[in-house]
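S.K.: got a sequence here, can you build the structure:
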Amino acid sequence: MIHSFREKYNREFTVEKYDQLLRYIHSEHNISPKFRVAETPVFIPKKLKNQLIQACTDIANQINQADFKEKTEGAFIRESLKIPNENAYSHFLQMDFAICRDKEGELSPQLIEMQGFPSLYFFQELLSRSYQETFSISKEFSSHLGGLSGREYLDLLKNIILEEENPENVVLLEIDPVNQTTHIDFLGCKKHTGTPILCISDLIKRGKKLYYKNDKGIEVPIHRIFNRVIFDELDQRTDIKSPFSFQDEVDVEWVGHPSWFLRISKFTMPLIDNPYVPPSTWLHKIDQYPEHLDNYVLKPLFSFAGAGVDLHPTVEKLDAIQDRNNYILQQKKNYVPIIKTTNDPAKCEIRMLMLWDKKESKYQIVNNLVRLSKGEMIGVRFNKDRDWVGGSVGYFQE
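M.R.: All right, here's what the predicted structure looks like:
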């Protein structure tokens, strides 16, 4: 988005360098990502950076209000979704912004959705380093903000996940982690924190205590869980059996309590009043549909990776929905193809990654994740057989 750097990058880009980038990433854990890595990072100009910071700060402040939990009780659309031992705050907060144009034609970030759930926090540090090393990105750019270095960023992550615990008593919990798209991020977590990676089926439960067997077959008590399990997937994976149910009362601390995945989600969008947030309404609260439904998008509250999103809702489609409290209708925002590539320009979505700052009792922006697209939606299945699309990172100009 910064013309001079974009022109220089594109001019110096070669397929050989891109292959070198992929080899660099592969060398870290001896595996490659199960998703496409884009040919380019994104250079974020100061004005857009400041807008993103302002939007994140204002929205996070609304989430941090004392009555937020009360306002989001409706997110538990089933009683079975209520999990014991919920934290007072979410350790992780992410905001996805479509890069659009405002009425004056200037770039403007527009919030598409939020997550109180960890994303690729570790992989993004590797990806940022990979672009900088392979393509000699100027050191005046950083994927972090406020002068935070990569080492300091990884230390923040480590401290949040472990706190005062021994790494062997803290586990990263997933469903079939080796086959997850995000497996490379789990390996980054293990490398930098020392925590084991467990499938939910690996857990051993005795009363209120949880254990797992280490490489030597010794049972190790679990004191803290870094949760990466998403309920939508857990409900579908009937092949995965575990003695532990999330509804069980167990003596563990959660890093990223599962309830925050529900509270901070598309469900929260209608609660946020901000110029960077498109108007959104819970479907069951709508008495009369908007006149021009083609200007809106229908979204299931808790779907993942764009599943179930309908860009072309109609009266007939909306009337046919039975579980109306599981959807929002959101004003559509048009992503603009502003990233110049070697052929068609790409659209851009920037996910701002935040962590809870315990000392300051507020969220701190620590990194970002960018997704480039040339399809109708952001996501792999909407960009098949395209180049210069996929996962990337944004560099902020200091």
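
S.K.: which stretches of this structure have low pLDDT?
M.R.: 303-307, 377, 379-382 (pLDDT under 70).

S.K.: separation between the spatially most central residue of the chain and residue 105?
M.R.: Centroid-nearest residue in the chain: residue 119, 4.0 Å away (criterion: Cα atoms, centre = their mean). Using Cβ to Cβ, to the nearest Å, we find residue 119 at a distance of 31 Å from residue 105. The C-beta positions use only the backbone N, C-alpha and C, and glycine is treated the same way.

S.K.: now the residue nearest to the centre of the chain: closest residue in space, sequence neighbours ignored.
M.R.: Closest residue to residue 119 apart from its sequence neighbours, by Cβ to Cβ, 6 or more residues apart in numbering: residue 94 at 5.4 Å.

S.K.: and that neighbour, how close does it get to residue 124?
M.R.: For residue 94 relative to residue 124 (Cβ to Cβ), the value is 11 Å.

S.K.: residue 354 too?
M.R.: From residue 354 to residue 124 the distance is 13 Å (Cβ to Cβ).

S.K.: same check on residue 101?
M.R.: Relative to residue 124, and taking Cβ to Cβ, residue 101 is found at 26 Å.

S.K.: neighbour count: these two, which is higher?
M.R.: residue 124 (26 against 15; other Cβ atoms under 10 Å).

S.K.: ok, residue 360 - how many residues close by?
M.R.: Residue 360 - counted by other Cβ under 10 Å - has 8 other residues nearby.

S.K.: also the one 3 residues further on?
M.R.: Applying other Cβ under 10 Å, we find 24 other residues in the vicinity of residue 363.

S.K.: what's the answer for residue 325, then?
M.R.: With other Cβ under 10 Å as criterion, residue 325 counts 15.

S.K.: do I have it right that it meets residue 286?
M.R.: No. Assessed by Cβ atoms under 8 Å, residue 325 is found out of contact with residue 286, at 11.4 Å.

S.K.: my read is the residue nearest to residue 119 is in a strand, agree?
M.R.: Yes. Using DSSP: H, G, I helix; E, B strand; the rest coil, the assignment for residue 94 is a strand.

S.K.: which strand or helix spans the residue nearest to residue 273 when sequence neighbours are not counted?
M.R.: Leaving aside its chain neighbours, residue 273 sits nearest to residue 62 (7.5 Å; criterion: Cβ to Cβ, 6+ apart). According to DSSP states H and E, residue 62 maps onto helix 46-63.

S.K.: how about the strands in the stretch 51-200 of the chain?
M.R.: 92-101, 107-115, 141-142, 170-174, 197-199 (DSSP state E, counting those that start in this stretch).

S.K.: would a markdown table of these with distance to residue 51 be doable?
M.R.: Shown next, in a markdown table, are the strands of the stretch 51-200 of the chain (distance: least, Cβ to Cβ, whole Å):
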| stretch | distance to residue 51 |
| --- | --- |
| strand 92-101 | 9 |
| strand 107-115 | 6 |
| strand 141-142 | 18 |
| strand 170-174 | 34 |
| strand 197-199 | 37 |
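
S.K.: looking at the ones you listed, which is nearest to residue 396?
M.R.: Closest approach to residue 396 among the strands of the stretch 51-200 of the chain (Cβ to Cβ): strand 141-142, 5.9 Å.

S.K.: give me the phi and psi angles of residue 294.
M.R.: phi -70, psi -10 (degrees, to the nearest 10).

S.K.: count the residues that sit near the nearest residue to it once chain neighbours are set aside.
M.R.: Among residues not flanking residue 294 along the chain, residue 312 sits closest, at 7.1 Å (Cβ to Cβ, 6+ apart). Close neighbours of residue 312, defined as other Cβ under 10 Å, add up to 12.

S.K.: ends of stretch 318-334, how far apart?
M.R.: Stretch 318-334 stretches 22 Å from its first residue to its last (Cα to Cα, to the nearest Å).

S.K.: buried ones in it?
M.R.: Under the neighbour-count criterion of 16 or more other Cβ atoms under 10 Å, stretch 318-334 has 318, 321, 326-330, 332-333 buried.
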